[in-house]
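Student: Turn this into a structure:
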Amino acid sequence: MSESTILELRQKNSSDVERNGIYKTTLDTAIQIEEGDQVNVKAIYLDTSESSAGFIHLEEDVDITMEMAIYIQNYKLDQRFISHFGQESLELRQYVNMGNDVRSPFELGDNNIWWLAQHSENVSSTNWKVQKIKITIGDLSKGVDNYGGLTLHFNYVSTAPGAANLVYPLKIKSTRKQNLPPNGEYAINILSRGDGDGPFITLQEKLPQTGITSVTWEPYQEQVDPGETIFTLQRFPLNFTIGAGDYTPGELADIITENMANVELEGKVNDLYDDNASSTPITKTNWPAMSPFLTTILKNDAELQRKALTEGETIGQSFVNATDYIVDNGNDLAGTFYMEYNLIDMKGEYVAPNPANPADYNPPLDKYIGANEVALIFDENTNKLQFNLHFPIYVNESSSGSNDASPGVVYNGIDNNLPGVFSVPTGMPLRYSGVAFTRLEPTSFWENQLGFGDITITPEMNANLNYPISTSTPPTHNNSFTIKANNGEQITGAFPALDVAVIKSETSFSTPPFSNISTTNVPLIEISNPAIWSVNSTKTYNNSIADEGYFIVDVSPNFNQNLVGEIGSSQSSKSTQSIVNRYYTQNSFTSDQGAGSISYTHSGAPQMLSEFQVRVLNPDRSTVKPSILQEKNTVFIEVIKPIKSNTNQNPK
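Tutor: Numbers count the residues shown, from 1 in each chain. This is a model prediction of the structure:
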């Protein structure tokens, strides 16, 4: 007779995952292995459900939330415009708080990224600044060497008029106990509404999680004084549902793109501006684009002014230099400057329709901001999904008013009287404008199934911004924000390949005339460039049949056995092995019920069984490609102990 114990080694419960199929499990209670005990692989379930045929399986309907922020690239061609009246040049971008010692409105663009924001005065006495949170972890002495490997989501209420509910994601990497941050402190840098006791902040997750026992921000919360002007990143949401079912990556990309790229998503578009187009607030409700991805300067201003009326506050539209604004001395001035569009001159271009003379009509001067090249694409060459989220610069149009220009780049020249003060690098603008995601939910869909784990941006309220100009008395509160955004990681644009440096209209294939590029006599240099700096997912989808017929599952506890391969193979092993048939069927798990396992019978002194290292390998002992295995891998181990018979029986 014998007694059996089943041990579940589940990857999703492991805090030490190297990659899918390679992980470590620590038992809650160690088991003593004695003479004659057997250790077998009882069953194996490998998560090949999606990779078997390149399918993405949705067990139920998925409610998608996408939230975007908008930016512009401030280059020279979008700085000056021609007026309908008198053909005079208009300087529509006004660097409000820079002053002439840094930059004047009559100088050209700096080629940097500026983020669409709104600014308003803090009228509340119960708004709070929270710069840090503190995490307390449990006892790590019982065989647990690390904690983390998760994202905490903090819900809070924006201080901007309208009080939108926002989410701050804090990613906590799996961290060894010897590398814990001092006092368990993590920077979060958020502004939140609240009451007299503190900010309205809640944690989505239930603790404890991965060794975390408590989270607090009370020691780090600070009340914001009324009267301070606060700059807040504007966010634009989109919600839709994807039905349950099985999708190829290309099918799923098409569904998501159809929901993102609809120009009439929020209503019918209109190419005419009504009589109120030049007034404030604008009452017009139909615009050339009705989408959270693509808007216009006047449309966004109209929505802010309507919100201001509802809230009884004054709201301004602004663009903040929140990303990598490094000057000659090495200081990063990100988040310290802002600019506005000259809305008065833009609206002043408006001439109402005249039935007697229709030619008199002229719309106000308006500009798109956001992205018109919006798509999620499945690249069959790389077997990866990729996002395109920008508004290209269009070059080489054939004639005035044409609609046949091609995407490209131009050379941006800096026109500044004080280059020693204003020193943001010039170069080629890679896009006219674009968007970046501030929120993608559910995370299980975007991160685990599609592989977009690090694509979102998070504004950090950690910068002082002078409003409007204050050189002698800088502000005392961190009332502006910074954003980390990199090409090909969070934002997209034209790819600056070597080919764009070649001027092909010249027989000598000349270089651009850099010697006098800052003067007004230099011809415009435009280069067509179809290559895109996309944001690629980290997940590679498998569309091919396995080239060998089985997996080797290597389970290494704290005891050894030998598995010897063929002569000359050098494939001996000292761990418990199982051989799993690698036969794929659509949307299924690859499994084995122990038929291919090698049993272990213990001999010798007792040993404590406390930990298992699981490794799913190819027949040549190489690791399995990330496109093959997902995260729901489980190995069941059976420990069989013989029941010893009682030899001390009473004689008859």
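
Student: Surely Phe319 touches Leu116?
Tutor: Yes: assessed by Cβ atoms under 8 Å, Phe319 is found in contact with Leu116 at 5.9 Å. Yep, even glycine has a C-beta here, placed from its N, CA and C like the rest.

Student: Show me whatever sits in contact with both of those two.
Tutor: Common contacts of Phe319 and Leu116 (Cβ atoms under 8 Å, 6 or more residues apart in numbering): Tyr71, Ile72.

Student: right, and Asp110 touches Asn74 too?
Tutor: Yes: contact criterion Cβ under 8 Å: Asp110 and Asn74 qualify, at 5.4 Å.

Student: quick one: which of the two has more around it?
Tutor: For Asp110 versus Asn74, the count of surrounding residues by other Cβ atoms under 10 Å is larger for Asp110: 26 against 22.

Student: Ramachandran coordinates for that one?
Tutor: The phi/psi pair for Asp110 (degrees, to the nearest 10) reads phi -100, psi 0.

Student: any idea how far it lies from Asp332?
Tutor: 14 Å (Cβ to Cβ, to the nearest Å).

Student: Surely Gly408 forms part of a strand?
Tutor: Yes: the assignment for Gly408 is a strand, going by DSSP: H, G, I helix; E, B strand; the rest coil.

Student: pLDDT value on it, please?
Tutor: On pLDDT, Gly408 comes in at 90.

Student: Do I have it right that it meets Val395?
Tutor: Yes: between Gly408 and Val395 there is a contact at 3.7 Å, judged by Cβ under 8 Å.

Student: For these two, list the residues in contact with both.
Tutor: Residues within reach of Gly408 and of Val395 at once, by Cβ under 8 Å, 6+ apart, are Glu526, Ile527, Ser528.

Student: From those, pick the one nearest Val41.
Tutor: Nearest to Val41 among the shared contacts of Gly408 and Val395 is Ser528, at 59.4 Å by Cβ to Cβ.

Student: For the closest one, the count of nearby residues, please.
Tutor: 16.

Student: you'd agree it is up against Pro407?
Tutor: Yes: if you go by Cβ under 8 Å, Ser528 and Pro407 touch, sitting 7.2 Å apart.

Student: between these two, what contacts are shared?
Tutor: By Cβ under 8 Å, 6+ apart, Ser528 and Pro407 have these common neighbours: Val395.

Student: Low-confidence ranges, the stretch 301-450 of the chain, go.
Tutor: Applying pLDDT under 70 to the stretch 301-450 of the chain flags residues 328, 399-402, 413-426.

Student: the strands in it, which residues?
Tutor: 316-320, 338-341, 368-370, 373-379, 384-391, 393-395, 406-410, 433-441 (DSSP state E, counting those that start in this stretch).

Student: what's the closest of the ones you listed to Ser622?
Tutor: Ser622 sits nearest to strand 384-391 of all these, at 21.4 Å, using Cβ to Cβ.

Student: can you give me the helices in the stretch 51-200 of the chain?
Tutor: Counting by DSSP state H, counting those that start in this stretch, the stretch 51-200 of the chain has no helices at all.

Student: Where does the prediction get shaky in it?
Tutor: Within the stretch 51-200 of the chain, the ranges that satisfy pLDDT under 70 run 51-54, 86-87, 98-108, 139-146, 177-178.

Student: circling back: pLDDT and distance to Asp28 for the shared contacts of Gly408 and Val395 - can I get that in a markdown table?
Tutor: Below are the shared contacts of Gly408 and Val395 laid out as a markdown table (pLDDT from 0 to 100; distance: Cβ to Cβ, whole Å):
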| residue | pLDDT | distance to Asp28 |
| --- | --- | --- |
| Glu526 | 80 | 66 |
| Ile527 | 84 | 63 |
| Ser528 | 87 | 63 |
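
Student: Could you single out the nearest of those to Leu252?
Tutor: Within the shared contacts of Gly408 and Val395, proximity to Leu252 (Cβ to Cβ) peaks at Ser528, which comes in at 31.4 Å.

Student: and that closest one, what are its bridge partners?
Tutor: Judged by DSSP bridges, the bridge partners of Ser528 are Gly408.

Student: any idea how far it is from Ser398?
Tutor: In terms of Cβ to Cβ, Ser528 sits 13 Å off from Ser398.

Student: One more: Asp366?
Tutor: Using Cβ to Cβ, we find Asp366 at a distance of 24 Å from Ser398.

Student: neighbour count winner among these two?
Tutor: Set side by side, Asp366 and Ser398 show more neighbours around Asp366, with 20 against 8, by other Cβ under 10 Å.

Student: Go ahead and measure how far stretch 75-94 is from the middle of the chain.
Tutor: Taking Cα atoms, centre = their mean, to the nearest Å, one finds the center of stretch 75-94 at 35 Å from the center of the full chain.

Student: Then stretch 338-347?
Tutor: Its chain's average C-alpha position is 31 Å from that of stretch 338-347, according to Cα atoms, centre = their mean.

Student: can you give me the strands for the stretch 51-200 of the chain?
Tutor: Taking DSSP E, counting those that start in this stretch as the test, the strands found in the stretch 51-200 of the chain are 56-58, 62-73, 80-82, 89-91, 93-94, 113-121, 127-137, 146-147, 150-157, 165-172, 175-176, 185-195, 198-199.

Student: Tell me which of those strands lies nearest to Arg615.
Tutor: Proximity to Arg615, assessed across the strands of the stretch 51-200 of the chain by Cβ to Cβ, is greatest for strand 146-147 (18.7 Å).

Student: list the helices and strands the biggest helix by length in the chain packs on?
Tutor: Longest helix in the chain by number of residues (criterion: DSSP state H): helix 297-311. If contacts are counted by 3 or more Cβ pairs under 8 Å, 6 or more residues apart in numbering; DSSP states H and E, helix 297-311 sits against strand 113-121, strand 316-320, helix 343-348.

Student: Would you mind measuring from the nearest residue to Gln449 once chain neighbours are set aside to Thr443?
Tutor: Residue nearest to Gln449 in three dimensions, not counting chain neighbours: Ile56, with 5.8 Å by Cβ to Cβ, 6 or more residues apart in numbering. The spacing between Ile56 and Thr443, counted by Cβ to Cβ, is 15 Å.

Student: Okay, strands next: where are they in the stretch 451-600 of the chain?
Tutor: Remark: strands assigned in the stretch 451-600 of the chain by DSSP E, counting those that start in this stretch are 460-463, 480-482, 493-494, 526-528, 532-533, 535-536, 550-556, 576-581, 590-592, 600-601.

Student: For these, could you give me a markdown table that also reports distance to Leu304?
Tutor: Shown next, in a markdown table, are the strands of the stretch 451-600 of the chain (distance: least, Cβ to Cβ, whole Å):
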| stretch | distance to Leu304 |
| --- | --- |
| strand 460-463 | 20 |
| strand 480-482 | 17 |
| strand 493-494 | 27 |
| strand 526-528 | 34 |
| strand 532-533 | 31 |
| strand 535-536 | 29 |
| strand 550-556 | 58 |
| strand 576-581 | 59 |
| strand 590-592 | 55 |
| strand 600-601 | 70 |
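
Student: wait, which of those strands is closest to Ser4?
Tutor: With Cβ to Cβ, the closest approach to Ser4 among those belongs to strand 600-601: 14.5 Å.

Student: tell me the angle the next helix-or-strand element following the closest one makes with strand 550-556.
Tutor: Later in the chain than strand 600-601, the nearest helix or strand by DSSP states H and E is strand 607-617. Relative orientation of strand 607-617 versus strand 550-556 (axes from the mean of the first three to the mean of the last three Cα atoms, to 10 degrees): 150 degrees.
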